[in-house]
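Asker: Give me the fold of what follows.
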Amino acid sequence: MPSGPIRISAVPTAEAEERELLFVLEEPERTADGELLRDEEGNVVTRDREVTIPRHIPANIAFRMMRDMYHGGDLTAAYGAMLNLLGQETMDALAEADGMTSEGFRRVMRIIEVKVGAAAKHLLGNS
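Answerer: Down below sits the predicted model:
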């Protein structure tokens, strides 16, 4: 399912106690047969997908990442960590984001880097 632009948002989610909003990804709505849904003016109808990350990142994520680095290399480890934190559905949406620009990609990766880095520092007691 192709997705569109990414918006950074500070709007709290309903699950704010457990998860923190990273960004909002605009996704096109589709009909039952997979066609893009359009309004009366011909514009593609979109819906917002809130991309969240656990507020408290489990300590074993770091160990999984180290294991993945040992067995599969840095890219495997990075993808595994993102998959563990964001979930398969979000990773699929990002992978299918036809409207993703290189700037959008950099913004997403920077947000994830900052959040995961902060969590790692917290786990290590350096907060």
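
Asker: and the gap between the nearest residue to Glu18 once chain neighbours are set aside and Asn84?
Answerer: Nearest in space to Glu18, with sequence neighbours left out and distances taken as Cβ to Cβ, 6 or more residues apart in numbering, is Arg55 at 5.8 Å. C-beta here means a position set from N, CA and C on the backbone, and glycine is covered the same way. Distance, Arg55 to Asn84, using Cβ to Cβ, to the nearest Å: 15 Å.

Asker: same deal with Arg107?
Answerer: Arg107 is 21 Å from Asn84, where distance means Cβ to Cβ.

Asker: now do Gly42
Answerer: To Asn84, Gly42 is 40 Å away according to Cβ to Cβ.

Asker: and what of His71?
Answerer: His71 sits 15 Å away from Asn84, going by Cβ to Cβ.

Asker: ok, these two, which is more surrounded?
Answerer: Neighbour count, other Cβ atoms under 10 Å: between His71 and Asn84, Asn84 has more, with 16 against 10.
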